[in-house]
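Novice: When you get a sec, could you give me coordinates for this:
(chains A, B, C and D)
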2 protein chains.
Amino acid sequence: MYSSSEEKLTYKAIFMTTATDKPVQIGELAKKLGITTRTIRYYEEIGLMGSSERQAGGARMYSRDDILRLKFILKLKELGISLKEMHELAENFDINNQNFGPLTPKLLEILDQHIGKVDQKIANLSSLRKEIVAYRTRIDDILQGRQPLVK
Amino acid sequence: MYSSSEEKLTYKAIFMTTATDKPVQIGELAKKLGITTRTIRYYEEIGLMGSSERQAGGARMYSRDDILRLKFILKLKELGISLKEMHELAENFDINNQNFGPLTPKLLEILDQHIGKVDQKIANLSSLRKEIVAYRTRIDDILQGRQPLVK
DNA sequence: ATAATTGTTTACGTAAACGTCAAGATAATT
DNA sequence: AATTATCTTGACGTTTACGTAAACAATTAT
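Specialist: Just a heads-up that it's a prediction; the model follows:
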């Protein structure tokens, strides 16, 4: 059966969590995701990750949902979306909200914008490449004496 | 007649100066090149532009050669070469030297490296684009109920 | 002569995304 | 109990290419 409109669209639906995501401390989580603890704390610092639960001693504990959320953030970052842009997402819609639904259209919009930006960058780089090659050729020609020095 | 090996390869040979480049002050030069005075002083500060002549009052005066050199720097910058990379150029070969020749092979090398980098960036962006589109499609599919929420 | 413009040096500020101590508290291990 | 590992919160450092302001000198215009 396909998803009915009753089902909730959560991070889980996107990330299909397979392994047993037991609550972990920051160091373990960082290692697991290939980032540093500083990065995780930084995301919390700028409000991208909501304040996580704390143990008795004050150590951060990350639940499965926290982990999914962090993975989500890393995925967007991997796609080239800046932390600032993610903030826009979080501003308009509560990224904390388990119900992923209302966030999604905005996300699609941002992704679309981003595809446009990427296309633009590619175009710029292509034309840049042409220019560099042309400049290179010109210098080389002069060096080889295939071109007059003065017009 | 084409260039003989006796002729010197100078910035002029690259930039084919046409207008009468009379010595100018920093403000005028900046306006002429569409940059700020801060930029010019900065280039001097980091040693990319050699210290220019000064007037009685201490004001910088830029000769035709200074201007050509600055144009050269701006050209390289336009091609995406960092000021740091330009420094490498200047380290190995005296960029002040009027004889542009010995600098050129290194320049060609840097340009070649740069073309490689640009190619790499283009490839990365292309694959990024694919990923974004795929991710976008996936989310959209879930939203539209065309995909099962759980595997 | 005064005002306005343009110049000078010095030096701190900016953006992005963390890196890297420092100093101390807990927790786990031996 | 002592060592070791991991955690905590500041808070300053890093990179790139300048922006911006302060305080003052010199030149040009009125």
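Novice: List the residue ranges of chain A that fall below the pLDDT cut-off.
Specialist: A:1-21, A:91-103, A:147-151 (pLDDT under 70).
Novice: So which residues of it form helices?
Specialist: Ranges of helices in chain A, per DSSP state H, are A:11-15, A:26-33, A:37-45, A:64-78, A:83-92, A:103-144.
Novice: For DNA strand C, what's the nearest residue on chain A?
Specialist: residue A:57 (2.4 Å; Cβ to the nearest atom of the strand). The way it works is simple: take the backbone N, C-alpha and C, and place the C-beta from them, glycine included.
Novice: any chance of the helices of chain A in JSON lines, plus distance to DNA strand D and mean neighbour count?
Specialist: Shown next, in JSON lines, are these (distance: least, Cβ to the nearest atom of the strand, whole Å; neighbours: other Cβ atoms under 10 Å in any protein chain shown):
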{"stretch": "helix A:11-15", "distance to DNA strand D": "22", "mean neighbour count": "18"}
{"stretch": "helix A:26-33", "distance to DNA strand D": "2", "mean neighbour count": "16"}
{"stretch": "helix A:37-45", "distance to DNA strand D": "6", "mean neighbour count": "16"}
{"stretch": "helix A:64-78", "distance to DNA strand D": "12", "mean neighbour count": "18"}
{"stretch": "helix A:83-92", "distance to DNA strand D": "15", "mean neighbour count": "14"}
{"stretch": "helix A:103-144", "distance to DNA strand D": "14", "mean neighbour count": "16"}
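Novice: Turn these into CSV, including distance to DNA strand C.
Specialist: CSV is the format used below for these (distance: least, Cβ to the nearest atom of the strand, whole Å):
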stretch, distance to DNA strand C
helix A:11-15, 19
helix A:26-33, 9
helix A:37-45, 4
helix A:64-78, 6
helix A:83-92, 4
helix A:103-144, 13
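Novice: on that earlier part again, count residues in the vicinity of the residue of chain A closest to DNA strand C, would you?
Specialist: Residues near residue A:57, counting by other Cβ atoms under 10 Å in any protein chain shown, number 5.
Novice: For it, give me the backbone phi and psi.
Specialist: phi -70, psi -10 (degrees, to the nearest 10).
Novice: Equivalent analysis for residue A:80, please.
Specialist: Dihedral angles (degrees, to the nearest 10) for residue A:80: phi 90, psi 10.
Novice: ok, and the closest non-adjacent residue to it?
Specialist: Distance criterion Cβ to Cβ, 6 or more residues apart in numbering or on different chains; nearest residue to residue A:80, sequence neighbours excluded, is residue B:128 at 5.9 Å.
Novice: Report the contact partners of that neighbour.
Specialist: A:79-80, A:118 (Cβ atoms under 8 Å, 6 or more residues apart in numbering or on different chains).
Novice: give the contact list for the residue sitting nearest the centre point of chain A.
Specialist: Compute the mean C-alpha point of chain A, and by Cα atoms, centre = their mean the closest residue is residue A:77, 1.3 Å away. Going by Cβ under 8 Å, 6+ apart, residue A:77 touches A:83, A:86.
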